[in-house]
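Asker: Just need the structure, nothing else, for what follows:
(2 chains)
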Amino acid sequence: MTDRGSAAEPALDVAEGISAEPITQWDLFVTRLRRHRLATIAFFYISFVAYVALMAPLFTCEKNDTFCGRGPVEMSLLTTVIMLAITAGAIYLAYRAFVGKLRGAAIALSLVGLVGVIFLISSWGFLDIPRVNHYADQLPDESGRILVNIAPRSSLPLGTDDLGRDVLSRVIHGGRASLAVGIVVGALVALLGTVVGSLAGYYPGVVDQSLMRFTDLVLGLPLLPVAIVVGRVLPELRFLPGFLKQGAWGIAVLLGLLVWGALARIVRAEFLSLREKEFVEAARAAGANDRRIIFRHILPNALSPIIVQTTLIVGTAIIVEAALSFLGFGVRPPIPTWGGMAASGAAIAVRGFWWELVFSAGALITTVLAINFIGDGLRDALDPTQTIERK
Amino acid sequence: MAEPLLNVEDLRTYFSTEEGVVKAVDGVSFKVNAGERRGVVGESGCGKSVTAMSIMRLIEPPAGEIVTGKIEFDGRDLLQLPEAEMQEVRGGEIAMIFQDPMTALNPVYTIGDQLIETILLHQDVSKSEARQIAIGTLADVQIPNAAARMEDYPHQFSGGMRQRVMIAMGLSCDPKLLIADEPTTALDVTTQAQIMTLMLELAEQRNTAVLLITHDLGVVAGFCDTIQVMYAGAIVERGTGDEIFHNPQHPYTWGLLGSMTRLDETQQERLHSVRGAPPSLINPPKGCRFGPRCDFATDICREALPILHQSQEGQRVACHRADELDLKALAIGAAS
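Answerer: Numbers count the residues shown, from 1 in each chain, chains lettered A, B, ... in the order given. Next comes the predicted model:
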């Protein structure tokens, strides 16, 4: 009886030499995501939009600056650091993609890296880079007249608005508001939704009930009216730090605090099912405490729906921010946002000056669409039960 | 006799459901000595697993509750320990191996991560030392190329290999007691014996007592020193393997043995089954729990609950008629 245990071993030893290169979960995920072509394109599009919005000061300069495109660019330390990181990351990923024989990705990523390097150099004033005019500048022609409502042409690719400001420059800068909303809402939703959902799902009874009733309350708030009212009083609140009062940050935080409910419910549902799994029981039997079980054993297994749902919520939040700005309750002029530009563009579009409306709304729609495609692709890539291959 | 390692006294674990209180374990007492191999057998729902979960204190209120009882382990009453100390005991001094190795490993971490985690939780070692211990135990459970396989995910292992990993995880901290809850049920028949042999050999090397829970009599027959048979939340018979297998005193044990498929029997017979179904644990029948299904039940069986007592043959049995019945002489299944 006792010698049976080792009977099968020689056969297993033979297999040792031919063990293949292990495929990690990450490899599987990337392969599946790449199969989703729309998501891949959307991913590059979003990266492009985010990159351009983040680097807006590099692409634009003030018209009356005679050194436009020649001198060093005024760039905050944070922007420089982020830019450096993106450039380094793009170059590294391009190298990885090249090694992994993903030629398309390698080329795209090296372009990003190249652009980053060029602009980093130019930001120190070593290179002449043509830039478009700053979003707040009115453009006078040779005779000194303000060029209002100029249709797109080669020197002004997207035309000018009714105050004579360059639309391209404003679209680029308007992306920053959406980017801020995307980042802040994404972070807040992921944090709040996950924490509330995890605790509610793991601790039944009082904790679950009170957290979920609170979630119901937040979900029950009508999003636009509440955002309008709070957004209206936001600049008047003395205790808020300055950056929250103007620009998109305050709106972003406000939206983040309002839209996490759906994620909390999903995370709770995941926890309710995962906490009954045998590996959780096994972890407990191995002496793990609640914190370890929640964050180390259950949460990573619930990550897929969290990522997907957060992505989709971010898309919605960007739309809501645009709607607020469109209605005039969001970011205040003259700071450009896509929603605000759409509003002023709509006012002049009836007179035939369509470009401001089309380009701002177009940027908004394509961005949100791309985010939703990414969400779709992530869902397909992260769901192991998915068998239908999407093209 | 030395102090037993584990001393369970009058353990009662009840679950409250909408229909009423389910008395899953109702007055179970037993002792396990250091290094002993104890088998617990019985059909589904007889309280085997709940007994094990109660020892580990894995029964979670409000669903279930250990109502009364004492679980003395190594001189301490586990039921009185604060949760933090209990976490030290779990995995460190008492390890548990689960039925289904396919689901008992966390799919998002490598085998190595999970082994190292358990070791770091209970032993005061550095991460690299823990890694060495983990590789050592993986090699002990005869996983070839242990160091390389540390980086693999559970889905890259077969069922038998995963159960080996579970055994490695259970034994990595040198527990004093290993509770194996149907460790081979989910496995291929051909790997069952390998896994059992391996587990018990390793337990013996480390002087770890084993509480083997199973419904497979064949498994306990080969591997256990003593066997206890459970029925409807109570122990009905306890004795050495020899006593239980060759001289069953309780009609239930006798019925169970009769329903085993045996290769060493030449007689062509219909496979016997214990008639009826186990009683409701919400409203157990009056008298002997096995009474309604027993071929030998008399009036006293319907009136009074038999208690576990020493029978004339040596083992302990909970049957009023144990001493008058000579089950050995009866051909299995003859009475039905």
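
Asker: Regarding residue 219, what is its secondary structure?
Answerer: Because you didn't say which chain, this covers chain A. helix (DSSP: H, G, I helix; E, B strand; the rest coil).

Asker: um, chain B though
Answerer: Using three-state DSSP, the structure places residue B:219 in helix.

Asker: was I right about it contacting residue B:196?
Answerer: Yes. Using Cβ atoms under 8 Å, residue B:219 is in contact with residue B:196, at 6.2 Å. C-betas here are computed from N, CA, C, even on glycine.

Asker: Compare these two and say which one has the larger neighbour count.
Answerer: Legend: neighbour count by other Cβ atoms under 10 Å in any protein chain shown for residue B:219 and residue B:196, higher for residue B:196 (24 against 21).

Asker: how many other residues sit next to the closest residue to residue B:141 other than its chain neighbours?
Answerer: Spatial nearest neighbour of residue B:141, chain neighbours left out: residue B:164 (4.1 Å); criterion: Cβ to Cβ, 6 or more residues apart in numbering or on different chains. Other residues lying near residue B:164 total 24 when counted by other Cβ under 10 Å.

Asker: just the helices in the stretch 151-300 of chain B please.
Answerer: Using DSSP state H, counting those that start in this stretch, the helices found in the stretch 151-300 of chain B span residues B:159-171, B:189-205, B:217-223, B:241-246, B:251-258, B:299-303.

Asker: Tell me which helix or strand in the chain has the weakest average pLDDT.
Answerer: Went with chain A since none was named. Here the helix or strand of chain A ranked lowest by mean pLDDT, DSSP states H and E is helix A:9-15, holding a mean of 44.

Asker: I was thinking of chain B, sorry if that wasn't clear
Answerer: Min over SSEs of chain B, mean pLDDT, DSSP H and E: strand B:309-310 (a mean of 74).

Asker: and stretch B:37-55, anywhere near chain A?
Answerer: No. Stretch B:37-55 is not in contact with chain A by Cβ under 8 Å from any Cβ of the partner chain; minimum separation 8.6 Å.

Asker: List the residues that contact residue 321.
Answerer: Because you didn't say which chain, this covers chain A. A:177, A:178, A:181, A:248, A:251, A:252, A:255, A:330, A:331, A:337, A:339 (Cβ atoms under 8 Å, 6 or more residues apart in numbering or on different chains).

Asker: my question was about chain B
Answerer: Taking Cβ under 8 Å, 6+ apart as the criterion, residue B:321 is in contact with B:296, B:298, B:300, B:301.

Asker: circling back: starting from whichever helix or strand comes after the least confident helix or strand of chain B, tell me which strands it pairs with and how they run.
Answerer: Next along the chain after strand B:309-310, taking DSSP states H and E as the criterion, comes strand B:316-317. In the sheet, strand B:316-317 lines up against strand B:234-240 (antiparallel), strand B:309-310 (antiparallel) (DSSP bridges).

Asker: What is the burial count for residue B:215?
Answerer: When counting by other Cβ under 10 Å, one arrives at 16 neighbours for residue B:215.

Asker: In chain B, where is pLDDT below threshold?
Answerer: Chain B contains residues with pLDDT under 70 at B:1-2, B:261-271, B:312-314, B:322-323, B:325-336.

Asker: again, 80 this time
Answerer: Residue ranges of chain B with pLDDT under 80: B:1-3, B:45, B:60-63, B:185-189, B:215-219, B:221-222, B:241-249, B:254-281, B:283-315, B:317-336.

Asker: Let me see the ranges of the strands in it.
Answerer: B:6-16, B:21-32, B:37-41, B:64-73, B:76-77, B:94-97, B:177-181, B:209-214, B:226-231, B:234-240, B:309-310, B:316-317 (DSSP state E).

Asker: Just put these in TSV and tack on mean neighbour count.
Answerer: Formatted as TSV, those follow (neighbours: other Cβ atoms under 10 Å in any protein chain shown):
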stretch	mean neighbour count
strand B:6-16	19
strand B:21-32	21
strand B:37-41	25
strand B:64-73	17
strand B:76-77	13
strand B:94-97	28
strand B:177-181	26
strand B:209-214	24
strand B:226-231	25
strand B:234-240	23
strand B:309-310	11
strand B:316-317	26
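
Asker: Of all those strands, which one is nearest residue A:153?
Answerer: strand B:94-97 (76.0 Å; Cβ to Cβ).

Asker: show me where chain A has strands.
Answerer: A:60-61, A:132-133.

Asker: tell me which parts of the stretch 151-300 of chain A are close to chain B?
Answerer: Applying Cβ under 8 Å from any Cβ, we find that the stretch 151-300 of chain A lies next to chain B at A:204-205, A:277-279, A:281-289, A:296-297, A:300.

Asker: Measure how far stretch B:39-56 is from the centre of its chain, please.
Answerer: 6 Å (Cα atoms, centre = their mean, to the nearest Å).

Asker: Buried residues, that stretch. List them.
Answerer: Under the neighbour-count criterion of 16 or more other Cβ atoms under 10 Å in any protein chain shown, stretch B:39-56 has B:39-43, B:46-56 buried.

Asker: Domain-wise, how is chain B divided?
Answerer: B:6-224, B:231-317 (automatic domain parsing).

Asker: most packed of the ones you listed?
Answerer: domain B:6-224 (a mean of 19; mean count of other Cβ atoms under 10 Å in any protein chain shown).

Asker: how close does residue B:196 sit to chain A?
Answerer: Distance of residue B:196 to chain A, given as Cβ to the nearest Cβ, to the nearest Å: 8 Å.

Asker: low pLDDT regions in the stretch 51-200 of chain A?
Answerer: Residue ranges of the stretch 51-200 of chain A with pLDDT under 80: A:51, A:54-84, A:86-87, A:94-166.

Asker: hey, where'd the helices end up in it?
Answerer: All helices of the stretch 51-200 of chain A, identified by DSSP H, counting those that start in this stretch, fall at A:56-59, A:77-99, A:103-123, A:167-202.

Asker: For the longest one, what is the distance to the chain centroid?
Answerer: Just to be clear, that refers to helix A:167-202. Worked out by Cα atoms, centre = their mean, helix A:167-202 lies 7 Å from the chain centre.

Asker: Also stretch B:293-308?
Answerer: Distance, centroid of stretch B:293-308 to centroid of chain: 26 Å (Cα atoms, centre = their mean).

Asker: What about the closest residue to residue A:103 other than its chain neighbours, how many residues nearby?
Answerer: Leaving out its chain neighbours, the residue that sits closest to residue A:103 by Cβ to Cβ, 6+ apart is residue A:97, at 7.8 Å. Residue crowding around residue A:97 was assessed by other Cβ under 10 Å; the count is 18.

Asker: can you check the one 10 residues further on too?
Answerer: By the measure other Cβ under 10 Å, the count of residues near residue A:107 is 12.

Asker: With residue A:229 instead?
Answerer: 11.

Asker: tell me the contacts of residue 98?
Answerer: Assuming you mean chain A. Here residue A:98 is in contact with A:106, A:110 (criterion: Cβ under 8 Å, 6+ apart).

Asker: Can you look at chain B instead?
Answerer: By Cβ under 8 Å, 6+ apart, the neighbours of residue B:98 are A:278, A:281, A:282, A:285, B:104, B:166, B:181, B:183.

Asker: let's go with 7 Å and repeat that
Answerer: Neighbouring residues of residue B:98 by Cβ atoms under 7 Å, 6 or more residues apart in numbering or on different chains: A:278, A:281, A:282, B:104, B:166, B:181.
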